[in-house]
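J.: Pasting a predicted model and its sequence here:
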Amino acid sequence: MGVNIQWRSFRWAGLLLVCGCNNQVSAPLEPDVTIEPRYGIDGRGLCQARGNPVRRLSRYEYRNTLESLFSALDLSFLQVAADPELLGYDNHVAALQPTGILIENYMSNAQEIAAAVAHAALAEATAGMSCTGGGHVSCARAFLEYWAPRIFRRPVSDVDHLLVFFSQAPGDTDLQAGSALALQAMLQSPEFLYRLETVSQSGNNADSAPLDAYSLANRLSYMLWATMPDAVLFAAAADGSLLSDKGLLLQIDRMLEAPQSRQGILHFYQQWLHLEKIYEATKLEEDNLTTELREAMHEETLRLVEHLVFGSEGSLDDLLTVPRTFVNPALAQLYGVDHSGETTWELVDLDPNERAGILTHGAFLASHGHAYYPSPILRGVFVLERIMCRPLGAPPPEAEGAAPGTSDDGEQTNRQRYDAATLSTASCASCHKVINAAGYAFESYDTMGRFRTHESNGLPVDTTGQLFGRNYSDALDFVQGLAIDPEVETCLTEQYLRYAYGNDATGTDPCLVEDIAELFGASGGQLRELIVAVATHPAFRTHYLEENAP
Amino acid sequence: MNRRKFLQAAGLGGASFFLPSLLRSPLARASTGSTPPTRLVIVFGELGPEIKSFRMKPPGTPDSLLAGSNYHPDTHQVPDEQCWEIFLNGLSEEQFSPVLRPLYDFRDRMIALDGLCLATAAVDNYGDDHAKGWTAVSTGYPSGYGHTSQRSHAARPSVDQLIKRYLRQQDANLTDLTSLEMRVSKWYTNATSNGFHYWIFDEDMHGVIQRVPVEQDPRALFDRLFPQLPSGDDPAMTAQQDVLNYLTERYAVVRPRLSQQDRQKLDRHRQLVSDLQNRLRLQTDLSCTPPERMQRDHSQPSDAIYGQNLDSFIDLITASLSCGLTRVATLQLGTFPPYEYLRDGDFDFPDHDEHDFYSHRSDPSYEFHTDSRRDDWLIAHVGQMRKTRYNIDVVRRIAAALDAVPEETGTLLDNTIILWVDEISHGGHGHDQFPAVIVGGTQHFRTGRYIRFPRNNPTPRPYSWGNQFVGQPYNPLLVSICQTMGMPIDDLGIRSVDGQVKSGNYQGLRKTLNLAGTLAELY
């Protein structure tokens, strides 16, 4: 029980840090909310993440890690097979299986990198040493002792197994050739390509144990940065401070201030919100959805997320309802707002009667519309599945063929045509009553995301509806409702846990979701606090064996 | 005139014609024995063919013969017992349907199948109609689960991967290049495809079905097939083998620290490294003459890039099959080919959405409506027809490329089966009245025919369509192809589905539809 209190207090200490205590760790405070102490520091038998199987680096992590290791090298030549998405994320452990193409990619990438950096890498590792004659072996060892811990992301006590590349041709006479081969080997080794976690104690009761400091450093780094730990984090692992509550909080705070946190955290939001979908949208030529405009829509949402998470202590409420956004000139024109022209991107106020939050952004609205007309079905399904975490299951076979006609010059609104196509039979209506209700709120935006009060045939749009017993008058009212819905808060928690753990941790342990969601909610839904809550939960610092996973 | 120039003059050579060295290839000799093996090329279309312009009826027969198999809403309720077989050799080019006309020169070496039914899609509870179709067509088995309401995941390996695995079990000289998986893109891309459109699945060491990455970059595929390798006794090759040796040992060293499942994952990785090592050793001695490595010209429009990617993939398929590197190749065509190929004469091809307009609006039942749906259909079905004809022409080009390669007493085409399929039957996104085309395989199938199957089987349930009768189940076609490739199988894991008529005069009629065994009409 004492452990539970410690963790609760610890997390609130973290909140103070985030609020600007200049890296001075405050004394733990008693929280002003009561949370059932159902978790323990070892998590055993209580809140657990699903087993933590060995994970291959995702394509994104692999690229980022190589950039961290060889920052001076232009890595544009890298070829890495795409990873399959699972549950909407590219880092799901079940999907990160090795494939033949990947193995070849790893080999050719390692060869190119080694050819490019071997000389400099050798010089960096053996600075001040004499490597000719009798110095050959000592330089080889120095090279390995310098690079192996970096590449394997943890101390390496024995590099003898890599000395083979310096004891036979060509490395026995050519130190640089041996270095290149050793680099190739290290960059294809399991210790580099996989996240092999180890625990700080052995001999415990086999189903779980605290992570050792280097494993925790790696877990933290890949969650927050999507790349390997930096020197400071390695140092915190080396001196053990990372294993203390205070040390962990210091590192989390530091890491969230670092620029790498953008690539890690925004990568989650990009996937959660399906932002890449804007590149697949098909529109009529007259709508002029150029590549530049697609990129602007994509960037707008990420800029707002970045602003809210890192710049303004933003909350989930803000994310869904803030009547401000970032625009470039093209987006300003689409939204009908002013753009001063002083900088390309500007934070502007939106018409509070027209737009609020990410669900009124072009990226969401235009992605979920057809060439001729917006799709309340696609918009509704997105809201239900991604924002509310209500899986819908497969549509019946004839659903695809039942889309309404293309013509909007008749006597019906888009909504009426969708009603006719989806609500006229009981079998369709059973699902579409809900799907359509989640999508009709956005009828005040055409398929490009332009605000409208009337359709092109002159008929007024109808944005009223009722979803799960709550009435709404329009999109702004609808997103206000989402913002105060605990289900949405829990959903974002669940989505982030999937990304943070790289598995369906949440699917088998609702307790973990509840813990984090409760803390997230208690913080007022601050987006940054969601990250901190996940990173400081005991489950995040614990290794659970797959065989014993719940 | 050398052979390359002669063939180009005859209109048969490709832009970068490949001269095989099969008889000089130790890998090919080792893996093929004295008689050439059978190869398989599957060409996947997407978003549905235009079925009305695919269909053929015997010359001289009245149009009413097609009444029972059209898509008038009334025909859903009653069986259509009409079936026929047309011997294509006796037809003029004009008597071929518009879609099949590109294959006229191969009329004695092709079989067109009309009226199949993707029965396993009817009992598949996951994914939308496209996803059900991909799974049914490539695996012959319902999906395992759904990623989302649209996307599903196969429960069994696709047949190309089953065949690959079987062949590798039989022949130690075959490598992971036994199968090639390709997708034609309108862009230059270095990325493999792992996106929404998915056909190819394999089983990993845990028995879990995984997506197989699909190559979109012909240059990357070229580099895999024809790497710049030093000779076997070159120190650089020795060093490369040293690295791979180290890795196989390293993966074994790490193994004991892991859980059982993690061990399997790293064992898989280790096996793949070992595969690569073995393949590089074999490729070192391969004496095939490769085609040209594709050069990129970023100033080209996307239409031209599509064509360039496609040309290059056809060259690589031809090369890898004739060299003995590959036995099975799958080629996924884009959802829509370049528009320049679709514009024809005075038809100004409207720049509409491919899926929403051309696919959906070409729903053959729309022909019988009297509202705007018929207006849409009048335009959309022409576009869809041209897309289908373009895809069939791709089949012709592959067949021509293979036919230009001599092999034993005939050509490579004689020992290759080219199968063309889509994932849905038509713009209505159904899975019945499904068409397929086979070119080649003359030593295995009775070619030179168009076969129309009756539509008289009660519709499989429970998740199926409004029509009450369906055609010949598709699975036996896959079983036939697997057997032709040497696999001793009689089914794809599902031997039957239950059909039932749920409305109309035949309500209550039940029948078990057989999905096992071969498709007798092919022989």
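T.: Thanks, I have the structure now. Numbering: from 1, shown residues only, chains lettered A, B, ... in the order given.

J.: Enumerate every residue touching the most far-flung residue of chain B relative to its centre.
T.: Centroid-distance maximum for chain B: B:R257 at 42.2 Å, with CA atoms, centre = their mean. By CB atoms under 8 Å, 6 or more residues apart in numbering or on different chains, B:R257 lies in contact with A:L196, A:T198. For glycine as for every other residue, the C-beta is placed from the backbone atoms N, C-alpha and C.

J.: Look up phi and psi at it.
T.: Main-chain torsions, B:R257, degrees, to the nearest 10: phi -80, psi -10.

J.: Let me know the pLDDT of it.
T.: pLDDT for B:R257: 80.

J.: ok, how many other residues are close to A:T132?
T.: Number of residues near A:T132 (other CB atoms under 10 Å in any protein chain shown) recorded here: 9.

J.: Tell me the spacing between it and A:W147.
T.: A:T132 sits at a distance of 20 Å from A:W147 (criterion: CB to CB, to the nearest Å).

J.: Check A:L87 too.
T.: Taking CB to CB, one finds A:L87 at 36 Å from A:W147.

J.: For these two, indicate the residue with more neighbours.
T.: A:W147 (24 against 18).

J.: Quick check, that one in contact with A:M186.
T.: Yes: contact criterion CB atoms under 8 Å: A:W147 and A:M186 qualify, at 6.7 Å.

J.: anything in the strand or helix carrying A:Y499 near chain B?
T.: Per DSSP states H and E, A:Y499 falls inside helix A:486-501. No: Helix A:486-501 lies apart from chain B when judged by CB under 8 Å from any CB of the partner chain; the minimum separation is 12.7 Å.

J.: which residues of the stretch 301-450 of chain A fall in strands?
T.: Using DSSP state E, counting those that start in this stretch, the strands of the stretch 301-450 of chain A run over A:324-327, A:346-349.

J.: List of residues touching the last one?
T.: Defining contact as CB under 8 Å, 6+ apart, one finds that strand A:346-349 is touched by A:H307, A:P323, A:R324, A:T325, A:F326, A:V327, A:N328, A:A332, A:V337, A:D338, A:H339, A:S340.

J.: most surrounded residue in those residues?
T.: A:T325 (26 neighbours).

J.: List the residue ranges of the stretch 201-350 of chain A that fall below the pLDDT cut-off.
T.: Along the stretch 201-350 of chain A, the model assigns pLDDT under 70 to residues A:201-206.

J.: how close does A:K433 get to chain B?
T.: A:K433 sits 16 Å away from chain B when distances are taken as CB to the nearest CB, to the nearest Å.

J.: Actually, A:E280.
T.: When A:E280 is compared with chain B (using CB to the nearest CB), they lie 8 Å apart.

J.: Show the contacting residues for that residue.
T.: Per CB under 8 Å, 6+ apart, neighbours of A:E280: A:S367.

J.: quick one: low-confidence parts of chain B?
T.: B:1-34, B:147-149, B:194-196, B:205-206, B:230-234, B:285, B:287, B:338-351, B:463-465.

J.: That one: helices as residue ranges?
T.: Counting by DSSP state H, chain B has helices at residues B:3-9, B:26-32, B:119-122, B:129-139, B:159-170, B:218-225, B:235-254, B:260-284, B:302-323, B:372-403, B:475-484.

J.: Could you list every helix and strand that the shortest one packs against?
T.: Pointing back at helix B:119-122 there. helix B:129-139, strand B:496-500 (3 or more CB pairs under 8 Å, 6 or more residues apart in numbering or on different chains; DSSP states H and E).

J.: what about the shortest one, near chain A?
T.: No: contact of strand B:496-500 with chain A (CB under 8 Å from any CB) is absent, the minimum separation being 14.2 Å.

J.: With just CA atoms, put that strand into CSV.
T.: In CSV, the C-alpha atoms belonging to strand B:496-500 read as follows (Å, rounded to 0.1, in the frame of the first residue of the first chain):
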residue,chain,number,x,y,z
SER,B,496,-17.7,-26.7,-48.7
VAL,B,497,-20.1,-23.9,-47.8
ASP,B,498,-23.8,-24.1,-47.4
GLY,B,499,-26.0,-22.3,-49.9
GLN,B,500,-29.6,-21.3,-49.3
